[in-house]
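**Student:** below: sequence and its predicted model.
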Number of protein chains: 2
Amino acid sequence: MRVVEISAFVAAPLGGATLAAMGADVIRVDPPGGGVDIGRWPLHRGRSIYWAGLNQGKRSVCIDMRSESGQKKIAQLITAPGEGGGIFLTNLPAKGWSSYDELKKLRPDLVMVLISGRRDGGIAVDYTVNASLGFPYVTGPEGYQEPINHVLPAWDAMTGFLAATAILAAERHRRLTGEGQLVELSLEDVGLAVTGHLGLIGEAILEEEARERHGNHVYGTFGRDFATRDGRRVMVLALTAGHWRSIVEATGLSGEFSQMEARLGLYFNNEGDRWRGRREICERLDEWIAARNLNNVANIFDRNHVLWGPYQTFKELVAEDPRASAANPLFAEVDQPSLGRYIVPGSPLRFGAAKAVPPRPAPELGEHTKEVLEEFGIG
Amino acid sequence: MRVVEISAFVAAPLGGATLAAMGADVIRVDPPGGGVDIGRWPLHRGRSIYWAGLNQGKRSVCIDMRSESGQKKIAQLITAPGEGGGIFLTNLPAKGWSSYDELKKLRPDLVMVLISGRRDGGIAVDYTVNASLGFPYVTGPEGYQEPINHVLPAWDAMTGFLAATAILAAERHRRLTGEGQLVELSLEDVGLAVTGHLGLIGEAILEEEARERHGNHVYGTFGRDFATRDGRRVMVLALTAGHWRSIVEATGLSGEFSQMEARLGLYFNNEGDRWRGRREICERLDEWIAARNLNNVANIFDRNHVLWGPYQTFKELVAEDPRASAANPLFAEVDQPSLGRYIVPGSPLRFGAAKAVPPRPAPELGEHTKEVLEEFGIG
């Protein structure tokens, strides 16, 4: 499969990187000097680690998009013949030379996936979409009054993965019928759809009481962060009765929790009751965990199959966690030109019938311009 | 395409709901009485809005999974003949009757997508994965010392969308080669891969200084929340020089910002400089926005193509925002048995070559047991 991508920031580039990591030939086209995201932070020695991460495994071609001749070249590249080709992933505004209607004149079976901020094609980005969806007002400490933004551009990432889904679905349709198509999606619709699937739109409509801010508690069941004696933190949950029994067994607090249940008239095998008794449960667990170092907690919890995990900073993640190292086959250490050596991920999808594509660095900007134009006979 | 799903909570059910919204026949199998997520909060009148949201558009079949005869029936259903069938999406532990090795004996071209918490098959959920990845320590107010959990189960949702991608990719491979396969993915690998693609793993390895907490500022450029005179909040960003010029024009503060640039030795068309001057920019914008009501700000910003959006609570979203209403073709109001009437989303993917599948309610638990068993001749 060959995908031509004209994109910026997270959603479309991640969609392309996802397909590249699965073995697709993804050709990202940028203007000479790079697009608006070429210098996006985080930087190292003035170069963007972000751009490198989102363009891993692609080929990079630079063509002037403002000139008519440049536009013609790009259109030729997008619509070049070949069974797996004719696939275009972009977040360009849907008009002019790069519109579906213009491009399909050159290749009637074109598959084009167009990502926009708003459904109407207007601008919106992850942070404006997130602001509108309600999450910032239920994130963060109880009693805090202001919105809290997420740092993870979650809507962008979901949209990127969904764009990969869209390309595969449309390519499937083309294989079955010969017919190409335009598939459109917007960040805001992705956000609204997920908010709906999670029940939060239904809740806001059906329930009189508004969802409140519950700090680090997991709404409607038992789960929160706890501090260990050595100043680390752990997340501990009981989403099921089985998880709850593991906590009881691990801590040896069976008697105390039974008394607590009797006193409160609750039955902690029920998730609603774990939620209602969360303050009392946390108070006792706070004490139990605060009396032990992380290692000790980890051993006891793991032995008892408790659903838990340590909090880690980004630095702790790369320094201490073998999952964020080349010991995890997800990663490989690569030489990223102008940035240096570090681990980069491959596809989190492990396909039994295909050898994994090894994690690859990003190209240098324009690295494949000559190669690609020659390959497709574009002069 | 027909997918049999045995799942719980968010990731696998959302993967199935995503395909169902695109027109696939998704059959979710649960034990009689429902699985561990049947009563998951948020609730309305004691019934789960969450379960309904994550199982929209599926057929629901109840079969006792503990009995050998039940297991045999489910295996038959998963491996029933038909070109678009033989696809199994699950987060069951990979062992016994429901393992790929056992099921492929019944249908050698089986496609199975198996979601686990950890790569090694161990348990992990969105909240433990998120704790380990570093985000909770950079989310929330500057100076705050403790981790802040996200409320949106972002890793779950991404994993769900990626599972849909995996099914389509494996089905494509089967169409091309006749070969089925097992595709495995874990929440933690999805989280690690995205954290890597965003450059945060590279940054933690390459840069000496750890990423800090920057409140609602968008790291490395200009963006933050602002309070309006009427007590609402807006998110305003300038990711590009064009966005910045829009802010300057909208506010009429060109002269003041020029003086600010001269005083600070910064040039706000550069994103790094917008980041360095963020406090000063925010101070002036704070004032400008605090002097105006939301409506007024909205009019001026929209006229000038400022990249901005209002914050909304979930209640405000459904009460005031036409995007979260049946006016948005993404949604339709449906009768959800035992919950009532409210809007539910369809697919955020708009396929040009196919009529949109209208948003559908979730089935009642076990609603299709008889129908499905008869359809596939399972006795």
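**Tutor:** On my side now, so go ahead.
**Student:** so what's residue A:12 up against?
**Tutor:** A:5, A:89, A:90, A:91, A:115, A:160, A:163 (C-beta atoms under 8 Å, 6 or more residues apart in numbering or on different chains). In this view, the C-beta of every residue, glycine as well, is placed from N, C-alpha and C.
**Student:** format the residues you listed as a markdown table; extra columns: secondary structure.
**Tutor:** Formatted as a markdown table, these follow (DSSP: H, G, I helix; E, B strand; the rest coil):
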| residue | secondary structure |
| --- | --- |
| A:5 | strand |
| A:89 | strand |
| A:90 | strand |
| A:91 | coil |
| A:115 | strand |
| A:160 | helix |
| A:163 | helix |
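**Student:** what's the host helix or strand of residue A:127 packed up against?
**Tutor:** Using DSSP states H and E, residue A:127 sits within helix A:126-133. In this structure, helix A:126-133 makes packing contacts with helix A:154-177, helix A:187-197, strand B:233-238, strand B:307-310, helix B:314-320, judged by 3 or more C-beta pairs under 8 Å, 6 or more residues apart in numbering or on different chains; DSSP states H and E.
**Student:** let's go with 6 Å and repeat that
**Tutor:** helix A:154-177, helix A:187-197, strand B:233-238, strand B:307-310 (3 or more C-beta pairs under 6 Å, 6 or more residues apart in numbering or on different chains; DSSP states H and E).
**Student:** what mean pLDDT does it have?
**Tutor:** Summarised as a single mean, pLDDT over helix A:126-133 is 98.
**Student:** give me the number of residues near the closest residue to residue A:10 other than its chain neighbours?
**Tutor:** Ranked by C-beta to C-beta, 6 or more residues apart in numbering or on different chains and with sequence neighbours excluded, the top spatial neighbour of residue A:10 is residue A:156, at 3.7 Å. The number of residues packed near residue A:156 is 27, by other C-beta atoms under 10 Å in any protein chain shown.
**Student:** residue contacts, residue A:156?
**Tutor:** Residues near residue A:156 by C-beta atoms under 6 Å, 6 or more residues apart in numbering or on different chains: A:10, A:11, A:126.
**Student:** most neighbours, which of those residues?
**Tutor:** Ranking those using other C-beta under 10 Å puts residue A:11 first, with 31 neighbours.
**Student:** show me what contacts that one?
**Tutor:** Counted by C-beta under 6 Å, 6+ apart, residue A:11 has contacts A:115, A:156, A:159, A:160.
**Student:** do that again at 10 Å, thanks
**Tutor:** A:54, A:89, A:91, A:115-117, A:125-126, A:153, A:155-163, A:185-187, A:190 (C-beta atoms under 10 Å, 6 or more residues apart in numbering or on different chains).
**Student:** quick one: contacts for whatever residue of the stretch 151-300 of chain A ends up closest to chain B?
**Tutor:** At 2.4 Å from chain B, residue A:220 is the closest residue in the stretch 151-300 of chain A, using C-beta to the nearest C-beta. For residue A:220, the contacting residues are A:214, A:239, A:271-272, A:274-275, A:278, B:39-43, B:48, B:50, by C-beta under 10 Å, 6+ apart.
**Student:** the same query, at a cut-off of 8 Å, please.
**Tutor:** A:271, A:272, A:275, B:40, B:41, B:42, B:43.
**Student:** quick check: the gap between it and residue A:153.
**Tutor:** 26 Å (C-beta to C-beta, to the nearest Å).
**Student:** same deal with residue A:291?
**Tutor:** Taken as C-beta to C-beta, the span from residue A:291 to residue A:153 is 39 Å.
**Student:** the two: which has the busier surroundings?
**Tutor:** Using other C-beta under 10 Å as the criterion, residue A:291 and residue A:153 rank with residue A:153 on top: 24 against 11.
**Student:** run through the strands of chain A in chain order.
**Tutor:** Here chain A has its strands, by DSSP state E, at A:2-6, A:25-30, A:43-44, A:47-48, A:59-62, A:87-90, A:111-116, A:181-186, A:222-227, A:233-238, A:307-310, A:331-336, A:340-345, A:350-351.
**Student:** stretch A:195-208 spans what distance, first to last residue?
**Tutor:** Distance between the two ends of stretch A:195-208: 18 Å, counting by C-alpha to C-alpha, to the nearest Å.
**Student:** ok, residue A:360 - contacts?
**Tutor:** Neighbour list for residue A:360: A:20, A:56, A:57, A:334, A:344, A:346 [criterion: C-beta under 8 Å, 6+ apart].
**Student:** whoops, I mixed them up, residue A:272
**Tutor:** By C-beta under 8 Å, 6+ apart, the contact set of residue A:272 is A:220, B:39, B:41, B:43.
**Student:** please apply the same query to residue A:20.
**Tutor:** A:26, A:56, A:57, A:58, A:357, A:360.
**Student:** residue contacts, the second one?
**Tutor:** Counting by C-beta under 8 Å, 6+ apart, residue A:56 makes contact with A:17, A:20, A:21, A:344, A:345, A:359, A:360, A:361, A:362, B:197.
**Student:** quick one, grab the pLDDT at the last one.
**Tutor:** For residue B:197, the pLDDT comes out at 98.
**Student:** name the nearest residue to it, sequence neighbours excluded.
**Tutor:** In this structure, residue B:197 finds its nearest non-sequential neighbour in residue A:53, 4.4 Å apart by C-beta to C-beta, 6+ apart.
**Student:** pLDDT wise, what is the residue nearest the centre of chain A at?
**Tutor:** Relative to the mean C-alpha position of chain A, the nearest C-alpha, by C-alpha atoms, centre = their mean, is the one of residue A:157, at 3.5 Å. Reported pLDDT at residue A:157 in the predicted model: 98.
**Student:** close to chain B, is stretch A:337-346?
**Tutor:** Yes. Contact of stretch A:337-346 with chain B (C-beta under 8 Å from any C-beta of the partner chain) involves A:339, A:340, A:342, A:343, A:344, A:345, A:346.
**Student:** buried subset of those?
**Tutor:** Neighbour counting by 16 or more other C-beta atoms under 10 Å in any protein chain shown classes A:339, A:342, A:343, A:344, A:345, A:346 among those as buried.
**Student:** which members of those are the farthest-apart pair?
**Tutor:** A:339 and A:346 (17.8 Å; C-beta to C-beta).
**Student:** so residue A:74 makes contact with residue A:103?
**Tutor:** No. Assessed by C-beta atoms under 8 Å, residue A:74 is found out of contact with residue A:103, at 9.5 Å.
**Student:** now the common contact residues for the two.
**Tutor:** residue A:97.
**Student:** give the contact list for residue A:321.
**Tutor:** A:312, B:132.
**Student:** ramachandran angles for it?
**Tutor:** Backbone torsions of residue A:321, given as degrees, to the nearest 10, read phi -100, psi 110.
**Student:** among the buried ones among the residues of stretch A:337-346 next to chain B, which one lies nearest to residue B:247?
**Tutor:** residue A:339 (31.4 Å).
**Student:** quick one on the thing from earlier: is it possible to mark the buried ones in the contacts of residue A:220?
**Tutor:** Buried among the contacts of residue A:220 by 16+ other C-beta under 10 Å: A:271, A:272, A:275, B:40, B:41, B:42, B:43.
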